[in-house]
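Engineer: Sharing a model that was predicted from the sequence below.
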2 protein chains.
Amino acid sequence: MKMLSSGELEAALRDIGARRYHRLHPFHGMLHGGKCTKGQVQAWALNRYYYQAMIPIKDASLIARCEDSAVRREWRSRLVDHDGEHDGDGGIARWLKLTDGLGLDRDYVTSTRGLLPGTRFAVEAYVRFVREKTLLEAIASSLTELFSPVIIGERMAGMLANYDFISRETMSYFDKRPPQAQRDSDFALDYVKQHAKTPEQQQQVLAALEFKCSVLWSMLDALAYAYVSPGHITPGAFVPAE
Amino acid sequence: MKMLSSGELEAALRDIGARRYHRLHPFHGMLHGGKCTKGQVQAWALNRYYYQAMIPIKDASLIARCEDSAVRREWRSRLVDHDGEHDGDGGIARWLKLTDGLGLDRDYVTSTRGLLPGTRFAVEAYVRFVREKTLLEAIASSLTELFSPVIIGERMAGMLANYDFISRETMSYFDKRPPQAQRDSDFALDYVKQHAKTPEQQQQVLAALEFKCSVLWSMLDALAYAYVSPGHITPGAFVPAE
């Protein structure tokens, strides 16, 4: 193991994204290409809700273990992004506009009763990772945001063009995200470049990003197995009406 | 919510098994019916290895939080079952005979490098559950063993009859399990009947069994999505040679 230059570390991170980020998952091809039924889009939004809802808990867990006021202050903006300044504001509220627009009952969505177990276990694994690994690894696991502006662009264009049950209004979550993700991933990338001071730490950073890619990927595996033809819905999970 | 009689509680537990135990998962139909390729059986054994390997860690976690010497003593037999009395003895060693017999490299199997993330997250969720929920719920989550003798009987008969790469010797893990599972589930069932003293606690017991069923089920979801035609193997996971 040799020490990578800052540029080499960034290139290795971007290479992981090019191979393992869930943009490459077959379900996203279907979702963005207009090949999903409304029921499949509902199942995606319902399951993804749990991820969105747990993000501030993940971020607060990270802040809670961070001894540097400047990093805590920077990371705090993520809480604002997702929880907003008042009721109805913020990323979680905007995600619920999407599930509302898809005709899902809000109490059912927020109860997470209809979640696939695969979604729950993957999201919980992410929260645990951020709580229990080193702060460096916790920060590195957020680096999937390096790749999210591209997938969000594809999603906005593809879903607005292909589904009559999707509108600019219901997709407002995604309008807000790219500049936030850019700001956040710039910070996190600088942080890992500066704080991974040994080859072992650099490898931990790379492994943390691989781990996070596997969280996002396995959420789509569970979704596709349950809801894409022939569809094997886990007992107890959401059953689309159509 | 009303208090169930002991018999009603047992009936409700058995009803969960009849609806949610992974015996009903389509992958088991394939596996036991001789419809799997050798590569698919390898992928099943490789992923299931992680579950087997974590069982004593789960059981020790349960013993570690139990204040009753009699319960600890009873539960200790599970450690003996899985870890054995010496090298090469016990359930984990017998599981490795199966992966050996399937031609998998033992170091690769035990490294868990080839695991599907869905397997890892589900098994970790089970260990966490046992560590963090009440002792009553932790014990109740073991009750899938009520249903395992039947599935093991089907597995032994089906796999020996249908695959020329499977022998009685490589299946020795399953020979030992039914009487152990019977003893263990008798104890756990008596325990939950005696210790669930309120309707709320009875509901917790039922929910714990549902949770455990969802762990086992989602492991097969991940396996089937990755390895059953067309097969979408998560990046980094085991790729069969055939």
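Structural biologist: Good, I have the coordinates. Residues are numbered from 1 along each chain as shown, chains lettered A, B, ... in the order given.

Engineer: Can you name the residues that contact the closest residue to residue A:26 other than its chain neighbours?
Structural biologist: Nearest residue to residue A:26 in three dimensions, chain neighbours excluded: residue B:232, at 5.7 Å (C-beta to C-beta, 6 or more residues apart in numbering or on different chains). Yep, even glycine has a C-beta here, placed from its N, CA and C like the rest. The neighbours of residue B:232, taking C-beta atoms under 8 Å, 6 or more residues apart in numbering or on different chains as the test, are A:25-26, A:221, A:224, B:225-226.

Engineer: cool, residue A:191 as well?
Structural biologist: Counted by C-beta under 8 Å, 6+ apart, residue A:191 has contacts A:71, A:136, A:139.

Engineer: which of those tops the neighbour count?
Structural biologist: residue A:139 (23 neighbours; other C-beta atoms under 10 Å in any protein chain shown).

Engineer: quick one on the thing from earlier: make JSON lines out of the contacts of residue B:232 and add distance to residue B:183.
Structural biologist: Formatted as JSON lines, those follow (distance: C-beta to C-beta, whole Å):
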{"residue": "A:25", "distance to residue B:183": "44"}
{"residue": "A:26", "distance to residue B:183": "45"}
{"residue": "A:221", "distance to residue B:183": "36"}
{"residue": "A:224", "distance to residue B:183": "40"}
{"residue": "B:225", "distance to residue B:183": "35"}
{"residue": "B:226", "distance to residue B:183": "35"}
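
Engineer: Can I have the buried ones of these as a PyMOL selection?
Structural biologist: To isolate the buried ones among those in PyMOL, judged by 16 or more other C-beta atoms under 10 Å in any protein chain shown, type:
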select buried, (chain A and resi 25+221+224) or (chain B and resi 225+226)
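
Engineer: Please narrow the contacts of residue B:232 to those residing in strands.
Structural biologist: When DSSP state E defines the strands, the subset of these inside them is empty.

Engineer: Please flag which of the contacts of residue B:232 sit within helices.
Structural biologist: A:26, A:221, A:224, B:225-226 (DSSP state H).

Engineer: circling back to that earlier point, check which helix or strand the residue nearest to residue A:26 maps to.
Structural biologist: Using DSSP states H and E, residue B:232 maps to neither a helix nor a strand.

Engineer: Next, it: phi, psi?
Structural biologist: phi -120, psi 90 (degrees, to the nearest 10).

Engineer: what's the closest of the ones in helices among the contacts of residue B:232 to residue B:100?
Structural biologist: Within these, proximity to residue B:100 (C-beta to C-beta) peaks at residue B:226, which comes in at 22.3 Å.

Engineer: Disregarding residues adjacent in the polypeptide, which is nearest to the closest one?
Structural biologist: residue B:233 (4.8 Å).

Engineer: Next one, pLDDT for that neighbour please.
Structural biologist: Looking at residue B:233, its pLDDT reads 96.

Engineer: thought it was touching residue B:223?
Structural biologist: No: judged on C-beta atoms under 8 Å, residue B:233 makes no contact with residue B:223 at a distance of 10.4 Å.

Engineer: which one of these two has more residues nearby?
Structural biologist: Taking neighbours as other C-beta under 10 Å, residue B:233 and residue B:223 compare with residue B:223 leading, 24 against 16.

Engineer: Briefly note if stretch A:213-222 comes near chain B.
Structural biologist: Yes: residues of stretch A:213-222 are located near chain B by C-beta under 8 Å from any C-beta of the partner chain, namely A:213-215, A:217-218, A:221-222.

Engineer: Now for the closest residue to residue A:20 other than its chain neighbours: which residues touch it?
Structural biologist: Closest residue to residue A:20 apart from its sequence neighbours, by C-beta to C-beta, 6+ apart: residue A:213 at 3.8 Å. Listed by C-beta under 8 Å, 6+ apart, the contact set of residue A:213 reads A:16-17, A:20-22, A:144, B:235.

Engineer: Can you flag which of those belong to helices?
Structural biologist: Those of the contacts of residue A:213 lying in helices (DSSP H): A:16-17, A:20.

Engineer: Tabulate those residues in CSV, adding columns for pLDDT.
Structural biologist: CSV is the format used below for these (pLDDT from 0 to 100):
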residue, pLDDT
A:16, 98
A:17, 97
A:20, 97
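
Engineer: Reformat those as a markdown table; add distance to residue A:88 and neighbour count.
Structural biologist: Compiled in a markdown table, the ones in helices among the contacts of residue A:213 are given as follows (distance: C-beta to C-beta, whole Å; neighbours: other C-beta atoms under 10 Å in any protein chain shown):
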| residue | distance to residue A:88 | neighbour count |
| --- | --- | --- |
| A:16 | 37 | 22 |
| A:17 | 33 | 19 |
| A:20 | 35 | 23 |
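
Engineer: Kindly report the residues of chain A close to chain B.
Structural biologist: Residues of chain A lying near chain B (C-beta under 8 Å from any C-beta): A:19-20, A:24-26, A:116-118, A:120-122, A:124-125, A:128, A:210, A:213-215, A:217-218, A:221-222, A:224-226, A:232, A:234-236.

Engineer: where are the low-confidence patches of chain A?
Structural biologist: Counting by pLDDT under 70, the ranges of chain A that qualify are A:242.

Engineer: What segments of it are helices?
Structural biologist: Counting by DSSP H, the helices of chain A are A:6-20, A:26-32, A:38-64, A:69-83, A:91-101, A:106-111, A:117-132, A:135-140, A:148-162, A:172-195, A:199-227.

Engineer: For these, give me CSV that also has distance to residue B:199.
Structural biologist: Below are those laid out as CSV (distance: least, C-beta to C-beta, whole Å):
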stretch, distance to residue B:199
helix A:6-20, 47
helix A:26-32, 41
helix A:38-64, 28
helix A:69-83, 35
helix A:91-101, 32
helix A:106-111, 20
helix A:117-132, 25
helix A:135-140, 40
helix A:148-162, 45
helix A:172-195, 40
helix A:199-227, 32
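
Engineer: How many neighbouring residues does the residue lying closest to residue A:28 once chain neighbours are set aside have?
Structural biologist: Closest residue in space to residue A:28, ignoring its immediate chain neighbours: residue A:22 at 6.4 Å, by C-beta to C-beta, 6+ apart. Look at residue A:22: counted by other C-beta under 10 Å, it has 22 neighbours.

Engineer: Isn't residue A:22 up against residue A:31?
Structural biologist: No: here residue A:22 does not reach residue A:31: they are 10.7 Å apart, not a contact under C-beta under 8 Å.
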